[in-house]
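Undergrad: My questions are about this predicted structure, shown below with the sequence.
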Amino acid sequence: MGIRAWLGEKVAGYLQKPGNASPTPPTSSFAALEQAIEVGDVLLVDGNSRIATAIKYLTQSTWSHAAFCVAKDATEGVMLLEADVVAGVRLVPLSFYQSSHTRICRPVGIRLEDMSKAVEYAKSRLGHQYDTGHILDLARYLISTPPVPVEWRRSLLTFGSGDPTKAICSSLIAQAFQSIHYPILPHAMEEKLIRRHHSQYVPGDFDISPYFAIIKPNLHETFDPYQLQWHEPSADPKEGDRAP
């Protein structure tokens, strides 16, 4: 193990601890989220850890983490595949993020057999480790937030070890979609698309991609704005006693 990877492992646990900012509450109920999400969806998470602070600063995005929905059934519920900085590539239940602010991004137009291939590609990475070299690049921005030009910030997230047995959350999911030639944010040259390297993807790219639909769990259910119950503040008793 190189010194860079060793140091990365040492600081990973520290970076996973909550930061100083208050977490953003979820905007929909867990039941609505569970009903709306489907296999193949990307779940973006607004994290509150120290490493999430660095990712959100560098990407100028609300989203610091991405997980891939790989299973949904009546027995096990919804299962997500993600790359965790300590545990590596693992499966977690959707309930793991039921208290988090999240967003569902859904790829459009993929055939069922191709989606199955992307899911199997992602599952084949289970047990791989998080790119701990990447951790050190992010850790520098927790000490201070230097005035890095916006156009340079994305490149600062691609300095990882490059080891194919290591991953970060967004690059792992990008690889799964690239394995079936599905676009996220490719470069364009004339009338052809050029694949962007998977290490250059960040969680927020799935949000702004023109090929992923944003799914609102509350609207996925039967929504009737006329049935909403609004709180009406009671009249100030002093106001009622005051002469006109």
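TA: Cool, the structure landed. Since the structure is predicted, the reported quantities are computational estimates derived from the model, not experimental observations.

Undergrad: Arg196 looks like it's in a strand, true?
TA: No. If the criterion is DSSP: H, G, I helix; E, B strand; the rest coil, then Arg196 is coil and not within a strand.

Undergrad: Check the gap between it and Ile214 for me.
TA: 21 Å (C-beta to C-beta, to the nearest Å). Bear in mind the C-beta positions are built from the backbone N, C-alpha and C, glycine included.

Undergrad: more crowded one of those two?
TA: Between Arg196 and Ile214, counting by other C-beta atoms under 10 Å, Arg196 is the more crowded of the two (16 against 13).

Undergrad: Give me the pLDDT for that one.
TA: If you check Arg196, the pLDDT there is 75.

Undergrad: looking at it, it is touching Ile184, isn't it?
TA: Yes. If you go by C-beta atoms under 8 Å, Arg196 and Ile184 touch, sitting 7.4 Å apart.

Undergrad: All the helices of the protein, in order from the start?
TA: 3-15, 30-36, 50-59, 112-123, 132-143, 150-153, 169-178, 204-208, 217-220, 237-241 (DSSP state H).

Undergrad: So for the fourth one, what gets flagged as buried?
TA: To tie it back to what came earlier, the one meant is helix 112-123. 114-115, 118-119, 121-122 (16 or more other C-beta atoms under 10 Å).

Undergrad: Please apply the same query to stretch 43-57.
TA: For stretch 43-57, by 16+ other C-beta under 10 Å, it's 43-57.

Undergrad: and the gap between Pro183 and Trp230?
TA: In terms of C-beta to C-beta, Pro183 sits 42 Å off from Trp230.

Undergrad: Equivalent analysis for Asp114, please.
TA: Asp114 sits 45 Å away from Trp230, going by C-beta to C-beta.

Undergrad: same deal with Leu80?
TA: Applying C-beta to C-beta to Leu80 and Trp230 gives a distance of 35 Å.

Undergrad: Ok, Pro26 next?
TA: Taken as C-beta to C-beta, the span from Pro26 to Trp230 is 21 Å.

Undergrad: Of these two, give the one with the bigger neighbour count.
TA: Pro26 (17 against 4).

Undergrad: which residues sit in contact with the more buried one?
TA: Applying C-beta atoms under 8 Å, 6 or more residues apart in numbering, we find Pro26 in contact with 33, 98-102.

Undergrad: Same check on Ala122?
TA: Taking C-beta under 8 Å, 6+ apart, one finds 68, 70, 81, 172-173, 175-176 in contact with Ala122.

Undergrad: hmm, try it at 7 Å
TA: 68, 70, 81, 172, 176 (C-beta atoms under 7 Å, 6 or more residues apart in numbering).

Undergrad: Surely the last one is in contact with Cys69?
TA: No. In this structure, Ala176 sits apart from Cys69 without contact. The criterion is C-beta atoms under 7 Å, and the distance is 11.3 Å.

Undergrad: what about those two, which has more around it?
TA: Ala176 (26 against 20).

Undergrad: So for the residue lying closest to Ala52 once chain neighbours are set aside, what's the pLDDT?
TA: Of all residues not flanking Ala52 in the chain, Ser64 sits nearest, at 3.6 Å (C-beta to C-beta, 6 or more residues apart in numbering). In this model, Ser64 is scored at 89, pLDDT.
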